[in-house]
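**Student:** Could you look at this predicted model? Sequence included:
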Amino acid sequence: MNASDNGTASMEGWDSPLIQARDLSRHFHSSQVEVVALDGVNFDLQHGAFSVLAGRSGSGKTTLLNILGTLDMPDAGALNISGRDVLKLSTAERADFRLMHMGFIFQAYNLIRVLSARENVAYVLQLRGVARDERLRIADTWLAEVGLEGLESRRPDQLSGGQQQRVAVARALASEPDIVLADEPTANLDSHTGEALMQLMRALNEKRGTTFLIASHDPVAMDAGKELLMMEDGRIVEQHRQ
Amino acid sequence: MLMLAWRNIIRNARRSLITVAAVSLGLAALLFLWGFNDGVHNSMMRNLQQVIIGSIQIHKAGFFKSPKLSCDIRRPDDIRHAIASYVDISSWRLRTFALAAGDETSEGLVLLGMDPAQEKKVTRIAGKVSRGRFLSENDTTSCVLGLTTARNLGVSLGDDVVFLSEDRFGSLAADKFRLIGIIDSGEMGIDRGLAIVPLAYIQSWLSMEGRYSEVVLQTSRESLEALTAELRARLEPMGYEVLRWYDMYPVMRQWVDLENGFYYIFLGIVLLIVAAGIMNTVLMSMLDRIREFGVMMALGCSKSRLAGMVVSESLMLAIIGIIIGTTIGLLLVAWFHHAGIDLSSQMDTIQRFYINTLIRTEIDTDHLLNTVLSVLLAASAASLVPVWRVMLLQPVEAIHHV
Ligand SMILES: Nc1ncnc2c1ncn2[C@@H]1O[C@H](COP(=O)(O)OP(=O)(O)OP(=O)(O)O)[C@@H](O)[C@H]1O
Ligand SMILES: [Mg+2]
């Protein structure tokens, strides 16, 4: 587990785990203080995992998820996803990488306001160049899969918070990504709805084999995970199956 | 992508409507003002050509600069053949200087020999006679004077005026002409220093039989340049000059260009307002959606695609505004082309000889196209600021934007 400090560690031969993170660090320079958000994160995530990234507020979950999602860059360390050294990619290549390999679910307001549920799900497929009829058909299938049959034409503001998150799940899965990254997907939901959402994702993980990494400090979410990664002060201090 | 841009436009219908209304009103106003401007200018230019000078004049080379009797057209057939395939009617005139003596004083003036029948087909000078009548076929020693000259000479209708001139050989020629018509145009160049006399009579009087000074043609504005070029190609090698109306009378053309220049400045100001309006709308609707843009970027939408969406929104607003504005503007121009705008109460007709008191709006194609294209260009320019904002957007910050 030794990576060089400049973040260009060799990744050759590391082709088995889906994600390999080595010594990832990320500092923020606020007005006066320097915040160490990630302080040498090391972990592997296997294909098919359903893992919850837990830890108290400020421990670095969102920062880590952003870096894993290629939305942000670490100051140092190495990161290999699906056999690709993603830190070497340009901005445009990262956008493309996300499009082809990743699904995202955020805490709230995931959806494009002016598009219907169906169109929101179809949007990623559109970016990928899937023909209109085909993508709308796939979108309907996924909406049915997450239990939103009959609500396909509704706009986000005509859906409840839980329904909106289900649309986000359908969208994340519709492009059949290698991994779905979810940041606090249940935070804006009541515990009942939150639990149902977690069960839905877990069921999809089991049925389809899609890998999930879910950042949350919600006990409901933590209980649902097959694997728990504990973060503390910018490090992963514990990784165990449950 | 266009669909998304369109949905965003109608999502904030009120804001979009205000922008579209601003663009269309601005454009309609610009087009109407162009219609008025071009209507006045074009009728002025048409009047100028139709009253006396024509669209094109053909002379012996050098005549326009120094109009001497000896600088004449001696082989009219050269010109007849050259123009035959382009125009059926032309007015052939003889021009020289003369000293006119009335009862009290004398005055130097231009003596213009016209064939009344021909002239009536080519220009409207005959209709501008306000007292008495214009020359007719059988007139010989008759003349038509401008009001100022008639006053200066102290002559009135029916009086005799003596003209002193030189014939082709330089001998003094003098003859008495009866004043049969007075032109009161308000136009200095016509009211003063001009005497119109029968062509045939002065040709023989000045020993200029079969010789002419100027050939006057009328043509439409659209064909003026092409016709001039073709006539020049044929006639210049033979020692003739072919002049357009504005080669001879550049002041009006310069005036029109100057006024158009002012209109373009005004256009620029309106465009700035239009651009600011569109930019404001698109920027505001963009700031509303920073988070959404972040999500879209996270999903793998490239920045150029996002920028394309922002540009599409600007252009859609502009194009809708342009369609409505152009329609309203052109309808206004068409309506006032038929109805006319009566400015007779505002205008002293005598002083503004070339301006019609009933303004019929019309718009030049290039003014229409330039204006519409400028609005489109302004809209594109207006989307640069939002595009620049998109380019600077970081997905992480955008997603966590509140
Ligand atoms: N853009 C930023 N600028 C400055 N400091 C930041 C920035 N983003 C995160 N931080 C800091 O980095 C640390 C980790 O933040 P992060 O958002 O990753 O925590 P988290 O575990 O997701 O917390 P929460 O559970 O509250 O969402 C915090 O101390 C936070 O204040
Ligand atoms: Mg967080």
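**Tutor:** It's in. Numbers count the residues shown, from 1 in each chain, chains lettered A, B, ... in the order given. Ligands and ions are numbered 1, 2, ... in the order given.

**Student:** can we go C-alpha only for contacts and neighbour counts from here?
**Tutor:** Noted.

**Student:** ok, residue A:105 to residue A:54 distance?
**Tutor:** Going from residue A:105 to residue A:54 by C-alpha to C-alpha, to the nearest Å gives 16 Å.

**Student:** Phi first, then psi, for the residue positioned nearest the centre of chain A.
**Tutor:** In chain A, the C-alpha nearest the mean C-alpha coordinate belongs to residue A:181, at 0.6 Å (C-alpha atoms, centre = their mean). In terms of degrees, to the nearest 10, the main-chain angles of residue A:181 are phi -100, psi 130.

**Student:** what residues are up against the closest residue to ligand 1 within the stretch 151-300 of chain B?
**Tutor:** Shortest the stretch 151-300 of chain B-to-ligand 1 distance, computed as C-alpha to the nearest ligand atom: residue-wise this is residue B:294, at 14.3 Å. The contact partners of residue B:294, by C-alpha atoms under 8 Å, 6 or more residues apart in numbering or on different chains, come to B:393-399.

**Student:** mind redoing it with 7 Å?
**Tutor:** Residues in contact with residue B:294, defined by C-alpha atoms under 7 Å, 6 or more residues apart in numbering or on different chains, are B:395-396, B:398-399.

**Student:** so where's chain B shaky on pLDDT?
**Tutor:** For chain B, the stretches flagged by pLDDT under 70 are B:1, B:346-353, B:402.

**Student:** can you list the domain ranges for it.
**Tutor:** Residue ranges for the domains of chain B, per automatic domain parsing: B:2-49+B:252-399, B:56-218.

**Student:** can you list the ones you listed in TSV and add distance to residue A:226?
**Tutor:** Shown next, in TSV, are these (distance: least, C-alpha to C-alpha, whole Å):
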stretch	distance to residue A:226
domain B:2-49+B:252-399	26
domain B:56-218	93
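
**Student:** of all those, which lies closest to residue B:241?
**Tutor:** In terms of C-alpha to C-alpha, the element of the domains of chain B nearest to residue B:241 is domain B:56-218, at 4.6 Å.

**Student:** So for the helix or strand of chain A with the lowest mean pLDDT, what gets flagged as buried?
**Tutor:** Here the helix or strand of chain A ranked lowest by mean pLDDT, DSSP states H and E is helix A:219-224, holding a mean of 89. Residues A:220-222, A:224 are the ones in helix A:219-224 that count as buried (16 or more other C-alpha atoms under 10 Å in any protein chain shown).

**Student:** Does that helix reach ligand 1?
**Tutor:** No - judged by C-alpha under 6 Å from any ligand atom, helix A:219-224 stays clear of ligand 1, getting no closer than 12.4 Å.

**Student:** Run through who's touching that helix.
**Tutor:** Helix A:219-224 is contacted by residues A:52, A:191, A:195, A:198-199 when judged by C-alpha under 7 Å, 6+ apart.

**Student:** Out of these, who's the most crowded?
**Tutor:** Counting neighbours by other C-alpha atoms under 10 Å in any protein chain shown, the top entry in those is residue A:52, with 26 neighbours.

**Student:** what's the spacing between it and residue B:128?
**Tutor:** From residue A:52 to residue B:128 the distance is 98 Å (C-alpha to C-alpha).

**Student:** rewinding a little: and the pLDDT at the residue nearest to the centre of chain A?
**Tutor:** Here the pLDDT value assigned to residue A:181 is 96.

**Student:** Report the beta-bridge partner residues of it.
**Tutor:** For residue A:181, the beta-bridge partners are residue A:104, residue A:213 (DSSP bridges).

**Student:** quick one: contacts for it?
**Tutor:** Counted by C-alpha under 7 Å, 6+ apart, residue A:181 has contacts A:65, A:103-105, A:212-214.
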